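Q: got a predicted structure here, sequence first:
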Amino acid sequence: MEQNRRHTYRRFEDIKLLQRDRQLEAAQQLCQEFFEHHKVEDLIKKVLSTALEVVGAKAGSVLLADPESRLLVFRYVIGDGAGLLEGKAFPWDEGIAGVVFKSGKAEVISDVKQDPRHFPEVDRVVKYRTHDMITLPLKKWEGDPIGVMNVLNKREGQLNEDDLALLTIVATFAAVAIQQARLFEEAKKAEVVTLIGDIGHDLKNLLQPLVAGTEILKGEVEEVLGRLSPQEQDSSPGSQHLCNEVIRMVQSTSRRIQDRVKQIADCVKGLSTPPHFKVCHLSNVVEGVLNTLRVLAEGKGISLRTVGLDALPEIMADEQRLFNAFYNLVNNAIPEVARGGFITIQGHHDPQTRFVEVSVSDSGRGMPPEIRESLFSARAISRKPGGTGLGTKIVKDVVDAHRGHITVDSQEGRGTTFTLRLPLDPSKQEPALR
(Lines give C-alpha, C1' and ligand atoms only; values in the text may rest on other atoms or scores of the structure.)
Protein backbone atom coordinates (compact mmCIF):
# COMPACT_ATOMS: atom_id res chain seq x y z
CA MET A 1 0.00 0.00 0.00
CA GLU A 2 2.78 2.42 0.98
CA GLN A 3 4.58 1.64 -2.28
CA ASN A 4 1.46 2.46 -4.28
CA ARG A 5 1.11 5.79 -2.49
CA ARG A 6 4.72 6.69 -3.23
CA HIS A 7 4.23 5.68 -6.87
CA THR A 8 1.08 7.84 -7.13
CA TYR A 9 2.87 10.77 -5.48
CA ARG A 10 5.84 10.50 -7.88
CA ARG A 11 3.45 10.31 -10.83
CA PHE A 12 1.66 13.45 -9.61
CA GLU A 13 4.97 15.27 -9.17
CA ASP A 14 6.11 14.17 -12.64
CA ILE A 15 2.91 15.59 -14.15
CA LYS A 16 3.42 18.88 -12.32
CA LEU A 17 7.04 19.04 -13.46
CA LEU A 18 6.02 18.31 -17.06
CA GLN A 19 3.38 21.02 -16.89
CA ARG A 20 5.92 23.51 -15.53
CA ASP A 21 8.34 22.62 -18.32
CA ARG A 22 5.58 23.24 -20.88
CA GLN A 23 4.83 26.61 -19.27
CA LEU A 24 8.47 27.66 -19.36
CA GLU A 25 8.86 26.45 -22.93
CA ALA A 26 5.79 28.41 -24.03
CA ALA A 27 7.00 31.55 -22.25
CA GLN A 28 10.48 31.24 -23.75
CA GLN A 29 9.10 30.70 -27.24
CA LEU A 30 6.74 33.68 -26.98
CA CYS A 31 9.43 35.98 -25.60
CA GLN A 32 11.65 35.18 -28.56
CA GLU A 33 8.84 35.74 -31.06
CA PHE A 34 7.81 39.05 -29.48
CA PHE A 35 11.26 40.46 -30.07
CA GLU A 36 11.16 39.34 -33.71
CA HIS A 37 7.66 40.55 -34.72
CA HIS A 38 6.46 44.14 -34.90
CA LYS A 39 3.30 43.81 -36.98
CA VAL A 40 0.16 43.14 -34.94
CA GLU A 41 -1.16 40.59 -37.46
CA ASP A 42 2.09 38.58 -37.41
CA LEU A 43 2.12 38.67 -33.65
CA ILE A 44 -1.48 37.48 -33.28
CA LYS A 45 -0.80 34.63 -35.69
CA LYS A 46 2.17 33.43 -33.64
CA VAL A 47 0.37 33.80 -30.33
CA LEU A 48 -2.57 31.70 -31.47
CA SER A 49 -0.47 28.95 -33.07
CA THR A 50 1.62 28.73 -29.87
CA ALA A 51 -1.52 28.50 -27.73
CA LEU A 52 -2.89 25.61 -29.77
CA GLU A 53 0.47 23.85 -29.76
CA VAL A 54 1.02 23.94 -26.00
CA VAL A 55 -2.40 22.45 -25.14
CA GLY A 56 -2.85 20.22 -28.20
CA ALA A 57 -6.03 21.91 -29.48
CA LYS A 58 -7.43 21.75 -33.02
CA ALA A 59 -8.70 25.30 -33.55
CA GLY A 60 -8.74 28.77 -32.09
CA SER A 61 -9.26 32.47 -32.68
CA VAL A 62 -8.19 35.86 -31.43
CA LEU A 63 -10.80 38.62 -31.30
CA LEU A 64 -9.89 42.23 -30.63
CA ALA A 65 -12.29 44.89 -29.40
CA ASP A 66 -13.34 47.87 -31.52
CA PRO A 67 -14.32 50.53 -28.93
CA GLU A 68 -16.08 52.78 -31.45
CA SER A 69 -18.51 50.13 -32.72
CA ARG A 70 -18.49 48.09 -29.47
CA LEU A 71 -17.75 44.95 -31.45
CA LEU A 72 -15.40 41.99 -31.07
CA VAL A 73 -13.65 41.41 -34.38
CA PHE A 74 -12.09 38.11 -35.48
CA ARG A 75 -8.50 39.15 -36.25
CA TYR A 76 -7.00 35.69 -36.76
CA VAL A 77 -8.48 32.20 -36.90
CA ILE A 78 -6.89 28.74 -37.12
CA GLY A 79 -9.05 25.78 -38.08
CA ASP A 80 -11.80 24.86 -40.52
CA GLY A 81 -13.51 27.83 -42.13
CA ALA A 82 -10.89 30.32 -40.96
CA GLY A 83 -11.26 32.47 -44.08
CA LEU A 84 -15.01 32.82 -43.47
CA LEU A 85 -14.58 34.28 -39.99
CA GLU A 86 -11.62 36.64 -40.23
CA GLY A 87 -12.83 40.22 -40.25
CA LYS A 88 -16.34 39.35 -39.04
CA ALA A 89 -17.65 40.87 -35.84
CA PHE A 90 -20.42 40.69 -33.27
CA PRO A 91 -21.47 42.84 -30.27
CA TRP A 92 -18.93 42.62 -27.48
CA ASP A 93 -21.55 41.72 -24.87
CA GLU A 94 -22.86 38.60 -26.67
CA GLY A 95 -21.80 34.97 -26.50
CA ILE A 96 -19.18 33.38 -24.26
CA ALA A 97 -16.51 35.64 -25.75
CA GLY A 98 -18.59 38.68 -24.82
CA VAL A 99 -19.05 37.42 -21.24
CA VAL A 100 -15.30 36.88 -20.84
CA PHE A 101 -14.47 40.23 -22.42
CA LYS A 102 -16.83 42.14 -20.12
CA SER A 103 -15.93 40.24 -16.94
CA GLY A 104 -12.20 39.86 -17.58
CA LYS A 105 -12.40 36.28 -16.24
CA ALA A 106 -11.53 33.15 -18.22
CA GLU A 107 -14.04 30.37 -18.84
CA VAL A 108 -13.36 26.62 -19.19
CA ILE A 109 -16.29 24.87 -20.87
CA SER A 110 -16.25 21.11 -21.30
CA ASP A 111 -19.45 20.86 -23.37
CA VAL A 112 -20.28 23.99 -25.34
CA LYS A 113 -23.65 22.80 -26.62
CA GLN A 114 -24.91 22.66 -23.02
CA ASP A 115 -23.95 26.30 -22.39
CA PRO A 116 -26.79 28.74 -23.26
CA ARG A 117 -24.26 31.56 -23.72
CA HIS A 118 -22.67 29.88 -26.73
CA PHE A 119 -23.12 31.84 -29.96
CA PRO A 120 -24.07 29.10 -32.48
CA GLU A 121 -24.03 31.55 -35.39
CA VAL A 122 -20.24 31.25 -35.54
CA ASP A 123 -20.35 27.46 -35.88
CA ARG A 124 -23.05 27.80 -38.53
CA VAL A 125 -21.00 30.24 -40.60
CA VAL A 126 -17.90 28.02 -40.71
CA LYS A 127 -19.77 24.68 -40.63
CA TYR A 128 -17.68 23.59 -37.65
CA ARG A 129 -18.78 22.04 -34.37
CA THR A 130 -17.27 23.28 -31.14
CA HIS A 131 -17.11 20.67 -28.35
CA ASP A 132 -14.89 21.97 -25.54
CA MET A 133 -13.45 25.46 -25.25
CA ILE A 134 -11.35 27.80 -23.15
CA THR A 135 -11.89 31.54 -23.60
CA LEU A 136 -9.44 33.97 -21.98
CA PRO A 137 -9.38 37.77 -21.79
CA LEU A 138 -6.47 39.60 -23.40
CA LYS A 139 -5.84 42.29 -20.80
CA LYS A 140 -3.62 45.33 -20.74
CA TRP A 141 -1.31 45.62 -17.77
CA GLU A 142 -3.57 46.80 -14.93
CA GLY A 143 -6.22 47.69 -17.50
CA ASP A 144 -9.36 46.55 -19.26
CA PRO A 145 -9.41 43.68 -21.76
CA ILE A 146 -8.47 44.50 -25.34
CA GLY A 147 -10.02 41.30 -26.67
CA VAL A 148 -10.29 37.55 -26.09
CA MET A 149 -8.61 34.34 -27.19
CA ASN A 150 -10.59 31.16 -27.89
CA VAL A 151 -9.01 27.70 -27.91
CA LEU A 152 -11.26 24.87 -29.12
CA ASN A 153 -11.51 21.09 -29.25
CA LYS A 154 -8.57 19.39 -27.57
CA ARG A 155 -7.19 16.52 -29.66
CA GLU A 156 -6.98 14.12 -26.71
CA GLY A 157 -9.41 14.47 -23.82
CA GLN A 158 -11.00 17.79 -22.89
CA LEU A 159 -9.58 21.21 -22.17
CA ASN A 160 -9.22 21.68 -18.43
CA GLU A 161 -7.86 23.87 -15.63
CA ASP A 162 -4.27 22.71 -16.27
CA ASP A 163 -4.60 23.88 -19.88
CA LEU A 164 -6.00 27.16 -18.59
CA ALA A 165 -2.85 27.71 -16.53
CA LEU A 166 -0.72 27.28 -19.65
CA LEU A 167 -2.95 29.50 -21.77
CA THR A 168 -3.02 32.22 -19.12
CA ILE A 169 0.73 32.67 -19.59
CA VAL A 170 0.28 32.86 -23.35
CA ALA A 171 -2.61 35.36 -23.05
CA THR A 172 -0.69 37.58 -20.61
CA PHE A 173 2.34 37.80 -22.88
CA ALA A 174 0.07 38.25 -25.89
CA ALA A 175 -1.88 41.21 -24.51
CA VAL A 176 1.25 43.12 -23.53
CA ALA A 177 2.94 42.42 -26.85
CA ILE A 178 -0.14 43.33 -28.91
CA GLN A 179 -0.35 46.67 -27.11
CA GLN A 180 3.34 47.32 -27.78
CA ALA A 181 2.97 46.37 -31.44
CA ARG A 182 -0.06 48.65 -31.72
CA LEU A 183 1.90 51.57 -30.30
CA PHE A 184 4.65 50.87 -32.83
CA GLU A 185 2.13 50.85 -35.69
CA GLU A 186 0.37 53.97 -34.39
CA ALA A 187 3.68 55.83 -34.47
CA LYS A 188 4.16 54.82 -38.11
CA LYS A 189 0.56 55.75 -38.95
CA ALA A 190 1.00 59.18 -37.40
CA GLU A 191 3.86 59.85 -39.79
CA VAL A 192 1.79 58.61 -42.76
CA VAL A 193 -1.26 60.69 -41.79
CA THR A 194 0.87 63.81 -41.43
CA LEU A 195 2.34 63.15 -44.87
CA ILE A 196 -1.12 62.61 -46.38
CA GLY A 197 -2.29 65.87 -44.80
CA ASP A 198 0.60 67.69 -46.44
CA ILE A 199 -0.17 66.01 -49.77
CA GLY A 200 -3.83 66.98 -49.46
CA HIS A 201 -2.88 70.61 -48.89
CA ASP A 202 -0.56 70.58 -51.90
CA LEU A 203 -3.19 68.91 -54.06
CA LYS A 204 -5.72 71.59 -53.17
CA ASN A 205 -3.30 74.27 -54.31
CA LEU A 206 -2.40 72.37 -57.47
CA LEU A 207 -6.02 71.73 -58.38
CA GLN A 208 -7.05 75.37 -58.24
CA PRO A 209 -5.48 76.32 -61.60
CA LEU A 210 -6.75 73.03 -63.07
CA VAL A 211 -10.34 73.83 -62.11
CA ALA A 212 -9.99 77.40 -63.33
CA GLY A 213 -8.39 76.14 -66.55
CA THR A 214 -11.27 73.79 -67.32
CA GLU A 215 -13.74 76.64 -66.91
CA ILE A 216 -11.74 78.71 -69.40
CA LEU A 217 -11.43 75.72 -71.74
CA LYS A 218 -15.17 75.10 -71.57
CA GLY A 219 -15.85 78.72 -72.55
CA GLU A 220 -13.33 78.52 -75.40
CA VAL A 221 -14.86 75.31 -76.77
CA GLU A 222 -18.35 76.80 -76.66
CA GLU A 223 -17.11 79.92 -78.40
CA VAL A 224 -15.34 77.94 -81.16
CA LEU A 225 -18.36 75.72 -81.69
CA GLY A 226 -20.58 78.79 -81.82
CA ARG A 227 -18.60 80.11 -84.78
CA LEU A 228 -19.19 76.97 -86.83
CA SER A 229 -21.86 76.92 -89.48
CA PRO A 230 -24.90 74.70 -88.86
CA GLN A 231 -23.53 72.20 -91.41
CA GLU A 232 -20.18 72.02 -89.63
CA GLN A 233 -21.87 71.61 -86.26
CA ASP A 234 -23.97 68.75 -87.61
CA SER A 235 -20.87 67.01 -88.96
CA SER A 236 -18.99 67.03 -85.65
CA PRO A 237 -21.43 66.03 -82.88
CA GLY A 238 -19.06 63.26 -81.69
CA SER A 239 -16.19 65.69 -81.16
CA GLN A 240 -18.41 68.14 -79.32
CA HIS A 241 -19.74 65.39 -77.07
CA LEU A 242 -16.23 64.09 -76.33
CA CYS A 243 -14.96 67.59 -75.44
CA ASN A 244 -17.89 68.15 -73.10
CA GLU A 245 -17.43 64.72 -71.51
CA VAL A 246 -13.70 65.25 -70.87
CA ILE A 247 -14.27 68.72 -69.42
CA ARG A 248 -17.07 67.47 -67.17
CA MET A 249 -14.94 64.51 -66.07
CA VAL A 250 -11.99 66.74 -65.13
CA GLN A 251 -14.25 69.10 -63.18
CA SER A 252 -16.02 66.28 -61.36
CA THR A 253 -12.82 64.40 -60.56
CA SER A 254 -11.07 67.53 -59.32
CA ARG A 255 -13.87 68.19 -56.86
CA ARG A 256 -13.66 64.65 -55.51
CA ILE A 257 -9.89 64.33 -55.10
CA GLN A 258 -9.84 66.21 -51.81
CA ASP A 259 -12.55 63.97 -50.38
CA ARG A 260 -10.65 60.88 -51.53
CA VAL A 261 -7.39 62.00 -49.92
CA LYS A 262 -9.20 62.68 -46.64
CA GLN A 263 -10.94 59.31 -46.74
CA ILE A 264 -7.64 57.50 -47.33
CA ALA A 265 -6.18 59.38 -44.37
CA ASP A 266 -9.15 58.31 -42.23
CA CYS A 267 -8.68 54.73 -43.39
CA VAL A 268 -4.98 54.76 -42.44
CA LYS A 269 -5.84 56.17 -39.02
CA GLY A 270 -8.61 53.63 -38.54
CA LEU A 271 -11.00 56.54 -37.95
CA SER A 272 -13.92 57.94 -39.82
CA THR A 273 -16.28 60.90 -39.61
CA PRO A 274 -19.92 59.96 -38.94
CA PRO A 275 -21.90 59.18 -42.12
CA HIS A 276 -24.45 61.71 -43.33
CA PHE A 277 -27.57 59.81 -44.38
CA LYS A 278 -30.16 61.31 -46.71
CA VAL A 279 -32.45 60.10 -49.49
CA CYS A 280 -30.29 58.56 -52.19
CA HIS A 281 -30.89 57.10 -55.65
CA LEU A 282 -28.32 54.37 -56.26
CA SER A 283 -28.80 54.69 -60.02
CA ASN A 284 -27.59 58.31 -59.83
CA VAL A 285 -24.58 57.36 -57.70
CA VAL A 286 -23.52 54.59 -60.09
CA GLU A 287 -24.13 56.80 -63.13
CA GLY A 288 -21.81 59.41 -61.61
CA VAL A 289 -19.12 56.79 -61.15
CA LEU A 290 -19.46 55.47 -64.70
CA ASN A 291 -19.44 58.98 -66.18
CA THR A 292 -16.17 59.62 -64.38
CA LEU A 293 -14.54 56.38 -65.55
CA ARG A 294 -16.16 55.88 -68.97
CA VAL A 295 -13.43 57.62 -70.98
CA LEU A 296 -10.75 55.52 -69.24
CA ALA A 297 -12.70 52.28 -69.78
CA GLU A 298 -13.55 52.96 -73.41
CA GLY A 299 -9.91 53.82 -74.10
CA LYS A 300 -9.07 50.28 -73.00
CA GLY A 301 -11.89 48.74 -75.02
CA ILE A 302 -13.97 47.83 -71.94
CA SER A 303 -17.76 48.16 -71.79
CA LEU A 304 -19.44 49.63 -68.71
CA ARG A 305 -23.09 48.69 -68.32
CA THR A 306 -25.89 48.72 -65.77
CA VAL A 307 -28.87 46.44 -65.23
CA GLY A 308 -31.93 47.04 -63.05
CA LEU A 309 -30.66 50.09 -61.15
CA ASP A 310 -33.57 52.34 -62.14
CA ALA A 311 -36.01 49.88 -60.54
CA LEU A 312 -34.32 50.10 -57.11
CA PRO A 313 -36.19 52.00 -54.38
CA GLU A 314 -34.74 55.06 -52.69
CA ILE A 315 -32.50 54.35 -49.72
CA MET A 316 -31.12 56.42 -46.86
CA ALA A 317 -27.38 56.63 -47.47
CA ASP A 318 -24.25 58.76 -47.48
CA GLU A 319 -24.04 59.46 -51.21
CA GLN A 320 -20.40 60.58 -51.21
CA ARG A 321 -19.26 57.43 -49.42
CA LEU A 322 -21.24 55.19 -51.75
CA PHE A 323 -19.70 57.00 -54.72
CA ASN A 324 -16.23 56.27 -53.33
CA ALA A 325 -17.12 52.60 -52.74
CA PHE A 326 -18.42 51.99 -56.27
CA TYR A 327 -15.61 54.09 -57.75
CA ASN A 328 -13.05 51.86 -56.03
CA LEU A 329 -14.72 48.66 -57.21
CA VAL A 330 -15.05 49.77 -60.86
CA ASN A 331 -11.66 51.48 -61.01
CA ASN A 332 -9.96 48.40 -59.52
CA ALA A 333 -11.74 46.16 -62.04
CA ILE A 334 -10.67 48.07 -65.17
CA PRO A 335 -6.98 46.92 -65.14
CA GLU A 336 -8.13 43.31 -64.59
CA VAL A 337 -10.34 43.16 -67.70
CA ALA A 338 -8.95 42.47 -71.17
CA ARG A 339 -9.92 44.51 -74.23
CA GLY A 340 -13.41 43.53 -75.35
CA GLY A 341 -14.46 42.63 -71.79
CA PHE A 342 -17.10 44.22 -69.59
CA ILE A 343 -17.96 45.50 -66.13
CA THR A 344 -21.61 45.24 -65.12
CA ILE A 345 -23.35 46.93 -62.18
CA GLN A 346 -26.64 45.20 -61.47
CA GLY A 347 -29.33 45.98 -58.92
CA HIS A 348 -31.92 43.78 -57.26
CA HIS A 349 -34.60 44.40 -54.63
CA ASP A 350 -36.76 41.87 -52.85
CA PRO A 351 -39.85 43.77 -51.57
CA GLN A 352 -40.11 41.31 -48.67
CA THR A 353 -36.83 42.52 -47.20
CA ARG A 354 -35.55 45.92 -46.13
CA PHE A 355 -32.42 45.57 -48.27
CA VAL A 356 -31.25 46.22 -51.81
CA GLU A 357 -28.44 44.32 -53.51
CA VAL A 358 -26.01 45.82 -56.00
CA SER A 359 -23.35 43.65 -57.65
CA VAL A 360 -20.26 44.77 -59.54
CA SER A 361 -19.16 42.00 -61.90
CA ASP A 362 -16.27 41.87 -64.34
CA SER A 363 -15.01 39.45 -66.96
CA GLY A 364 -11.43 39.81 -65.76
CA ARG A 365 -8.77 37.36 -64.64
CA GLY A 366 -10.15 36.76 -61.14
CA MET A 367 -8.20 36.54 -57.88
CA PRO A 368 -6.06 33.84 -56.29
CA PRO A 369 -7.31 32.65 -52.86
CA GLU A 370 -4.67 34.50 -50.81
CA ILE A 371 -5.74 37.86 -52.25
CA ARG A 372 -9.46 37.10 -52.07
CA GLU A 373 -9.25 36.04 -48.42
CA SER A 374 -7.30 39.15 -47.38
CA LEU A 375 -9.85 41.58 -48.81
CA PHE A 376 -11.67 44.04 -46.53
CA SER A 377 -9.03 43.66 -43.83
CA ALA A 378 -6.06 45.66 -42.59
CA ARG A 379 -3.80 42.99 -44.12
CA ALA A 380 -5.28 43.38 -47.61
CA ILE A 381 -2.88 42.45 -50.41
CA SER A 382 -2.57 44.36 -53.67
CA ARG A 383 -0.98 42.86 -56.77
CA LYS A 384 -0.82 46.23 -58.53
CA PRO A 385 2.67 47.76 -58.70
CA GLY A 386 2.79 50.20 -55.83
CA GLY A 387 -0.70 49.19 -54.65
CA THR A 388 -1.58 49.51 -50.94
CA GLY A 389 -4.65 47.28 -50.72
CA LEU A 390 -6.53 50.16 -49.04
CA GLY A 391 -9.17 50.35 -51.79
CA THR A 392 -11.19 47.32 -50.75
CA LYS A 393 -10.86 48.20 -47.06
CA ILE A 394 -12.39 51.60 -47.86
CA VAL A 395 -15.28 49.79 -49.57
CA LYS A 396 -15.76 47.57 -46.49
CA ASP A 397 -15.72 50.62 -44.21
CA VAL A 398 -18.43 52.27 -46.34
CA VAL A 399 -20.62 49.16 -46.23
CA ASP A 400 -20.11 48.82 -42.46
CA ALA A 401 -21.05 52.47 -41.97
CA HIS A 402 -24.35 51.66 -43.70
CA ARG A 403 -24.78 48.49 -41.58
CA GLY A 404 -24.75 46.41 -44.72
CA HIS A 405 -22.87 43.35 -45.92
CA ILE A 406 -20.38 42.76 -48.72
CA THR A 407 -19.25 39.47 -50.26
CA VAL A 408 -16.92 38.55 -53.09
CA ASP A 409 -17.02 35.64 -55.50
CA SER A 410 -13.90 35.25 -57.61
CA GLN A 411 -12.05 32.49 -59.40
CA GLU A 412 -8.91 32.81 -61.45
CA GLY A 413 -9.77 33.01 -65.13
CA ARG A 414 -13.51 33.48 -64.47
CA GLY A 415 -13.84 37.05 -63.26
CA THR A 416 -14.95 38.65 -60.01
CA THR A 417 -18.26 39.74 -58.51
CA PHE A 418 -18.63 41.98 -55.46
CA THR A 419 -22.13 42.06 -53.96
CA LEU A 420 -23.19 44.90 -51.65
CA ARG A 421 -26.32 44.34 -49.57
CA LEU A 422 -27.52 47.67 -48.20
CA PRO A 423 -30.48 48.37 -45.89
CA LEU A 424 -33.14 50.81 -47.04
CA ASP A 425 -32.61 52.72 -43.80
CA PRO A 426 -29.39 52.03 -41.78
CA SER A 427 -30.84 53.72 -38.69
CA LYS A 428 -33.42 50.93 -38.43
CA GLN A 429 -30.90 48.12 -38.93
CA GLU A 430 -29.48 46.43 -35.85
CA PRO A 431 -25.74 45.54 -35.84
CA ALA A 432 -25.14 41.84 -36.51
CA LEU A 433 -22.41 39.32 -37.19
CA ARG A 434 -20.87 40.49 -40.42
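A: Nice, I can see it.

Q: hang on, residue 289 in a strand?
A: No. Assigned with DSSP: H, G, I helix; E, B strand; the rest coil, residue 289 falls outside any strand and is helix.

Q: find me the pLDDT at it, would you?
A: pLDDT, residue 289: 89.

Q: number of nearby residues for residue 84?
A: Using other C-beta atoms under 10 Å, residue 84 is surrounded by 16 other residues. C-beta: built from backbone N, CA, C; applies to glycine.

Q: so which strand or helix has it?
A: Element membership of residue 84 [criterion: DSSP states H and E] is helix 82-85.

Q: residues touching residue 153, list them.
A: Residues in contact with residue 153 (C-beta atoms under 8 Å, 6 or more residues apart in numbering) are 57, 58, 59, 130, 131, 132, 133.

Q: shaky segments in this protein?
A: 1-40, 81, 125-126, 140-143, 180-226, 228-273, 374, 376-391, 429-434 (pLDDT under 70).

Q: buried set for stretch 402-419?
A: Using 16 or more other C-beta atoms under 10 Å as the test for burial, stretch 402-419 gives 402, 403, 404, 405, 406, 408, 410, 415, 416, 417, 418, 419.

Q: and for stretch 148-167?
A: By neighbour count with 16+ other C-beta under 10 Å, stretch 148-167 contains the buried residues 148, 149, 150, 151, 152, 153, 154, 159, 163, 164, 166, 167.

Q: quick one on the thing from earlier: ok, which pair from the buried residues of stretch 402-419 is furthest apart?
A: Between any two of these, the greatest separation by C-beta to C-beta is 28.3 Å, found for 403 and 415.

Q: how about the helices in the stretch 1-150 of the chain?
A: Here the stretch 1-150 of the chain has its helices, by DSSP state H, counting those that start in this stretch, at 2-36, 40-55, 82-85, 95-103, 120-126.

Q: got it, and the stretch 201-350 of the chain?
A: Taking DSSP H, counting those that start in this stretch as the criterion, the stretch 201-350 of the chain carries its helices at 230-235, 237-269, 282-299, 319-333.

Q: so residue 154 bridges to which residues?
A: residue 57 (DSSP bridges).

Q: dump the residue contacts of it.
A: The contact partners of residue 154, by C-beta under 8 Å, 6+ apart, come to 55, 56, 57, 58, 132, 163.

Q: which of those residues are buried?
A: Listed as buried from the contacts of residue 154 are 55, 57, 58, 132, 163; burial here means 16+ other C-beta under 10 Å.

Q: okay, those in JSON lines with distance to residue 109 next?
A: What follows is the buried ones among the contacts of residue 154, written out as JSON lines (distance: C-beta to C-beta, whole Å):
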{"residue": "55", "distance to residue 109": "14"}
{"residue": "57", "distance to residue 109": "13"}
{"residue": "58", "distance to residue 109": "15"}
{"residue": "132", "distance to residue 109": "6"}
{"residue": "163", "distance to residue 109": "12"}
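
Q: tell me which two of the residues you listed sit farthest apart.
A: 58 and 163 (13.0 Å).

Q: show me the buried residues of stretch 148-167 that map onto strands.
A: Among those, the residues falling in strands (DSSP state E) are 148, 149, 150, 151, 152, 153, 154.

Q: just the contacts of residue 153 now: which is nearest residue 372?
A: Nearest member of the contacts of residue 153 to residue 372, counting by C-beta to C-beta, is residue 59, at 21.5 Å.
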